[in-house]
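Asker: Build me a model from this:
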Amino acid sequence: MPRPDFPKNIFEFEKWFPDEAACIKFLIDSRWPEGFICPRCGGREYWWKAPRHLLQCKYCNYQASPTAGTVMHRSRMPLRMWFHAAYMVTTLTPGISAVQFQRQMGIASYKTAFLMLHKLRSAMVRQGRYKLSGVVEVDESYIGGPEPGKPGRGALGKVLVVGAVDLRGKYANRVRLKVIPNASMAVLTDFVKDDIEIGSAIRTDEWDGYNKLEQEGYHRIIALNELTHVHRVFSNLKTWLLGTHHGRVSPQHLQAYLNEYTFRFNRRGTPMAAFQTALGLTGERLGPTYKGLYGVGKGLQLWTHPANPIGS
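Answerer: So this is what the prediction gives:
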C-alpha cells in the first residue's frame, strides 16, 4: 500500500485535516503504509492508547509514537498547527517568515513560530541525496547588505556562499548552496566532491580555487559568460531573503534558509510532494532546539531593513 496522497489546494487541506484525529491518522498511514510493524518485535497488531496518542504492540507492549523521529516529536503545539506550517512552507511560492507565520496562526510567542519553521527547515535536507551531475555551473557569492571595504571576494562583513546548478538542456535542474568560510582551493574542492558526481563537466570562472578539479576527476571548463544559471540562483536568493524575510537573517542561521531555498527550488514542479518531507516523515528529523539555534552568535544580523526590526 502506498503512502497517502497530498492535498492539492487549501480546500482539500481543510477537508483532510479538520482536527487532531485526522492528522494522527495521516501520520500513522505515512509512517506505516503497509500497516503497523512493531520496531522491537515485528508484531503487526496493536492497541491504540488514545490519551497519549501511542500504538502499543500486543505482543511485547512496545509503545510507538506516530511523531517519533519527526520534527513534531514532543512538541506541545497541536499537530494541526504543524500541518498548516508544513503546508505553507511547501506550497507558498515565496515561503513564509516567522512574523507572517505567527500572525497567520495566532501564535502568542514569536520564539515558538521561529522554532517551528526552523524545525521544518531541518527536515529539508535529505541524507544521502543524489549528487548533481552532467554539466554543472559553480560559483560563489557574498550574501549581505552594503558593507564598507573592497568589492569582490575581499568584501568585509558578509557571508560567503558557494552554489552549484546542474543543467538539463538549456534549463536549470537542481541546485546546492552552502555557507563556506573562504574561497580557498581546499574548501571549494571539498564542496564539489561532496555535491557533484565525479566525471561531471564543471563550469567556473578563472578563480584559482577551482584549479584542482581536474586532478579530482572532473572536467573543468572556464566559462566566464556561461554561468547565467548559478548567477540567477544567487540573484533570486537575495531577492527572496530581502522580500520574504525583510533582509534580517543572521549568519548563524543562513544555512537553514539556504536549505529552504534549495528545497523549494528543487521541488518547484511538485510542491505538494514535499509535504511529508517537511514534516520529517521520510527520515529521522527531530530538528533543532531554540537553545541550539541561539547558542552562539546571538544578535548577529546579516541583512538590515529599518522598516522591520524583527528577525525571521
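
Asker: where does the stretch 201-312 of the chain have low pLDDT?
Answerer: Along the stretch 201-312 of the chain, the parts satisfying pLDDT under 70 run over 246-248, 271-273, 281-312.

Asker: can you give me the helices for it?
Answerer: 228-244, 254-266, 275-279, 290-293 (DSSP state H, counting those that start in this stretch).

Asker: which of those is buried the deepest?
Answerer: Comparing these by mean neighbour count (mean count of other Cβ atoms under 10 Å), helix 275-279 ranks first with a mean of 24. C-beta: built from backbone N, CA, C; applies to glycine.

Asker: contacts for that one?
Answerer: 3, 6-7, 30, 70-72, 82-83, 86-87, 89-90, 120, 123-124, 126, 263, 282 (Cβ atoms under 8 Å, 6 or more residues apart in numbering).

Asker: Skipping its backbone neighbours, what lies nearest Leu188 in space?
Answerer: Distance criterion Cβ to Cβ, 6 or more residues apart in numbering; nearest residue to Leu188, sequence neighbours excluded, is Gly209 at 4.3 Å.

Asker: What about Ile10, how many residues nearby?
Answerer: 12 (other Cβ atoms under 10 Å).

Asker: Tell me who's in contact with it.
Answerer: Ile10 sits next to Tyr87 when contact means Cβ under 8 Å, 6+ apart.

Asker: separation between it and Ala172?
Answerer: Distance, Ile10 to Ala172, by Cβ to Cβ, to the nearest Å: 29 Å.

Asker: ok, now Lys8?
Answerer: 25 Å.

Asker: Of these two, give the one with the bigger neighbour count.
Answerer: Neighbour count, other Cβ under 10 Å: between Lys8 and Ala172, Ala172 has more, with 17 against 11.

Asker: For that one, give its distance to Glu137.
Answerer: According to Cβ to Cβ, Ala172 stands 8 Å off from Glu137.

Asker: Can you work out which residues contact both of the two?
Answerer: Listed as contacting both Ala172 and Glu137 by Cβ under 8 Å, 6+ apart are 165-166, 229.

Asker: what are the ranges of the strands in the stretch 151-300 of the chain?
Answerer: Remark: strands assigned in the stretch 151-300 of the chain by DSSP state E, counting those that start in this stretch are 159-168, 171-179, 201-204, 219-222.

Asker: For Pro78, which of those strands is the nearest?
Answerer: strand 171-179 (32.6 Å; Cβ to Cβ).

Asker: what packs against the strand or helix carrying Ala21?
Answerer: Using DSSP states H and E, Ala21 sits in helix 20-31. If you count contacts as 3 or more Cβ pairs under 8 Å, 6 or more residues apart in numbering; DSSP states H and E, helix 20-31 packs onto helix 79-91.

Asker: Give me the contact list for the helix it packs on.
Answerer: Here helix 79-91 makes contact (Cβ under 8 Å, 6+ apart) with 7, 10, 13, 17, 19-20, 23-24, 26-27, 67, 71-72, 75, 95-96, 101, 104-105, 107, 116-117, 120-121, 260, 264, 267, 271-272, 274-275, 277-279.
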